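# My questions concern the predicted model and sequence given below.
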Amino acid sequence: MLIFVAFGSGLAFLLALASFINNGKEFYFRNLKSENQTVSKGRKENFLLRQLHQNSTSILFVSVGIVQLHLYLELSEELKNVPWFAEIHVPFIFLIGPLTYLYFEKLSGAKEKNIQLLHFLPFFLVFVILFPFYLENNESKIFFLENQAPDDPSHGLVPILLIFGTLSNFLYPATLFWNVWRWRKETAKNLREVFSPFLFLFASTLTVLFLFLIAQIFYMPLFVIAANALTILISTIFLMSATQTSVIENFQKESREARYKESRVSGLDVDLILKRLNDLMKIERVFLDENLTLVKLSNLLQIHTHQLSEILNTRLQLTFREYLTQFRLEEAAKLLKEEPERSVLSILYSSGFNSKSAFHKLFQERFGCSPSSYRADQF
C-alpha cells in the first residue's frame, strides 16, 4: 500500500517534468515570434504573475509530489532517516488549491488578472512561520518526529496548519466544479459530455480532501487510504493527459466558448430579463407585430442585440426566429379553433406572419398537418 503512495509521488514529479518541457517548447516558439517586439512596462510589472500562469502545472505537480513523498516517508516511518525533509510539505499544501484553479482558469481562457498573487500569500506566510523549525538541526527534528520534545511549539502548530491548508484547498476545486457545472448547463446538449470528465475530476479531488481532513482531525489511520486515493487521482490525470488529449482540447474549446458567452451577459439580471420578455410576449403580445425584429425587441428590453441572442441561446436553447415563431404558431392555432369563419390567410397575417409559404411550412413542422386539416380536426 505504501509503495503505491511512493509511486504517486514519482508520477507527480514525472507530470511536472513533462509540463516543464512542454512549457519550455512553448516559450521558445513564442520568443521566436516576438523577438523583435518591445516589452511594455505593464508586461514587465506582471512578470511574476505571467510566470505563474506559464508554469502553474509544473509547480502544481511538484507541490503534489512533495506532499505525497512526505506522506510516504511519514507513514513508512522513514522520515527520521531524512529529518531535513520534515514538515517541508506544509507550505506546499497551500499552493495546490490556487495552482489548480490557476491552471483551469488558464485552460478555459480566463484573463491573467482573474487570479491575484494574494492567493499565494498563505504559502509564504506558512513558510515564514515554519522557518525557525526548518533551521533546527537534524537531532532536534528527530526528537520532534519521535515525540521526544513535547514542549516544542511545532507539535501544536503543524497540525493546525495542515488542517487550515486542507480546508483552504476545498474552496478552489469547489469553485471550479461550480463553474464547469454552470457551463455544462448552458452548453448545447450534444456537447455537454465534454465537461463530464472534469466534473468527475473535481468531485474526486473534493472527496480526497475530505478524507485527509477526517484523517487529520478524527482518525489518523485513514491517512493511508487518503494517500492511496491521491495516487489514484494522480494516475487518472496522468492517463488522461497521455491518452485522452482530445478530452482536454474539447474542454478547452467549449469552456472558452462558455466563458465568452457569459462575458456577453455579465452584469445583467438574466432572470429579470426573461420575466420581462415573457410579459412582452404573453401580456403585451408584441409578437403580433409582423415587423418585430431582434433590434426592436432588444430596445424594448433595454439591452444589446447580442445580449438578447445570448440569453435566448443559452437559457432557452432557441434562436430569436424560433422563439418568435412559437408564439405566432400558438396564436394561429388558437384562432383556427376559435374563429372558424375566418380564412387561413387572414389568420396568418393576424398572428404576425407576413409570408404564406413560410407560415404553411412552419405550421406543418409544428403540428404535423396543414392549417386547414388542423381546423377540420377541431370540429
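Looks like it arrived, so ask away. Numbers count the residues shown, from 1 in each chain.
# how far away is Thr187 from Pro173?
Separation of Thr187 from Pro173 (C-beta to C-beta, to the nearest Å) stands at 20 Å. Just so you know, the C-beta spots here come from the backbone N, C-alpha and C atoms, and that holds for glycine as well.
# Compare the two (neighbour count), which wins?
A count of neighbours by other C-beta atoms under 10 Å puts Pro173 above the other of Thr187 and Pro173, at 23 against 20.
# wouldn't the more buried one be in contact with Thr205 here?
Yes: Pro173 lies in contact with Thr205 (C-beta atoms under 8 Å); the separation is 4.4 Å.
# Touching both of these two, which residues are there?
Thr100 (C-beta atoms under 8 Å, 6 or more residues apart in numbering).
# mean confidence for stretch 23-39?
Stretch 23-39 carries an average pLDDT of 55.
# Can you classify Met240 by secondary structure?
With DSSP: H, G, I helix; E, B strand; the rest coil as the basis, Met240 sits in helix.
# That one and Phe200 touch, don't they?
No: Met240 is not in contact with Phe200 according to C-beta under 8 Å; the separation is 10.2 Å.
# Which of these two has more residues huddled nearby?
Between Met240 and Phe200, Met240 has the larger neighbour count (other C-beta under 10 Å), namely 15 against 12.
# Show me how this protein divides into domains.
Annotated domains of the chain cover 2-263, 267-378 [automatic domain parsing].
# those helices in the stretch 101-250 of the chain, which residues are they?
For the stretch 101-250 of the chain, the helices defined by DSSP state H, counting those that start in this stretch cover 121-135, 138-145, 154-185, 196-217, 222-243, 245-264.
# then the shortest one to CSV, C-alphas only?
Backbone C-alpha positions of helix 138-145 (Å, rounded to 0.1, in the frame of the first residue of the first chain) are rendered in CSV as follows:
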residue,chain,number,x,y,z
ASN,A,138,18.7,17.1,12.5
GLU,A,139,18.9,15.9,16.1
SER,A,140,16.2,18.3,17.2
LYS,A,141,14.0,17.3,14.2
ILE,A,142,14.4,13.6,15.1
PHE,A,143,13.3,14.4,18.7
PHE,A,144,10.3,16.2,17.2
LEU,A,145,9.4,13.3,14.9
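# Now stretch 305-317: buried residues?
By 16 or more other C-beta atoms under 10 Å, the buried positions in stretch 305-317 come out as 307-315.
# Please disregard the earlier target; I meant stretch 82-96.
83, 85-96.
# The residue lying closest to Asp152 once chain neighbours are set aside and Val90, how far apart?
In space, and not counting its chain neighbours, Asp152 is closest to Phe144: 5.5 Å by C-beta to C-beta, 6 or more residues apart in numbering. Applying C-beta to C-beta, the value for Phe144 to Val90 is 13 Å.
# shared neighbours, those two?
Contacts common to Phe144 and Val90, judged by C-beta under 8 Å, 6+ apart, are absent.
# if we can go back for a sec, wait, isn't the residue nearest to Asp152 in contact with Gly156?
No: using C-beta under 8 Å, Phe144 is not in contact with Gly156; the gap is 11.8 Å.
# which one of these two has more residues nearby?
Phe144 (21 against 9).
# can I get the CA coordinates of the helix or strand encompassing Glu310 in PDB?
Per DSSP states H and E: Glu310 is located in helix 305-315. C-alpha atoms of helix 305-315 as PDB (Å, rounded to 0.1, in the frame of the first residue of the first chain):
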ATOM      1  CA  THR A 305     -29.000  42.600 -29.500                       C
ATOM      2  CA  HIS A 306     -26.100  40.300 -28.900                       C
ATOM      3  CA  GLN A 307     -27.100  40.000 -25.200                       C
ATOM      4  CA  LEU A 308     -30.600  39.100 -26.100                       C
ATOM      5  CA  SER A 309     -29.400  36.500 -28.600                       C
ATOM      6  CA  GLU A 310     -27.100  35.000 -26.000                       C
ATOM      7  CA  ILE A 311     -29.900  34.800 -23.400                       C
ATOM      8  CA  LEU A 312     -32.200  33.100 -25.900                       C
ATOM      9  CA  ASN A 313     -29.500  30.700 -27.000                       C
ATOM     10  CA  THR A 314     -28.100  29.700 -23.600                       C
ATOM     11  CA  ARG A 315     -31.200  29.800 -21.400                       C
END
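# Touching that helix from outside, list them.
Residues contacting helix 305-315 (C-beta under 8 Å, 6+ apart): 186, 261, 264-265, 268, 270, 273-274, 294-295, 297-298, 301, 318-320, 323.
# Checking the residue lying farthest from the centre of the chain next. Helix, strand or coil?
In the chain, the residue that sits farthest from the middle, by C-alpha atoms, centre = their mean, is Glu341; the gap is 57.4 Å. Here Glu341 is recorded as coil under three-state DSSP.
# that older thread, pLDDT wise, what is the residue nearest to Asp152 at?
82.
# swap in Ile225?
pLDDT recorded at Ile225 is 89.
# Settle this for me: it is touching Leu211, isn't it.
Yes: assessed by C-beta under 8 Å, Ile225 is found in contact with Leu211 at 6.2 Å.
# Which of these two has more residues huddled nearby?
Leu211 (20 against 16).
# My guess is that one contacts Val224. True?
No: counting by C-beta under 8 Å, Leu211 does not reach Val224; the two are 10.1 Å apart.
# Quick check: closest non-adjacent residue to Asp377.
In this structure, Asp377 finds its nearest non-sequential neighbour in Cys369, 7.3 Å apart by C-beta to C-beta, 6+ apart.
# Could you give the number of residues near that neighbour?
The number of residues packed near Cys369 is 13, by other C-beta under 10 Å.
# May I have the secondary structure class of it?
Following three-state DSSP, the label given to Cys369 is coil.
# For Ile347, see how far away it is.
15 Å.
# Closest one to Val128 out of the buried residues of stretch 82-96, please.
Pro91 (9.0 Å; C-beta to C-beta).
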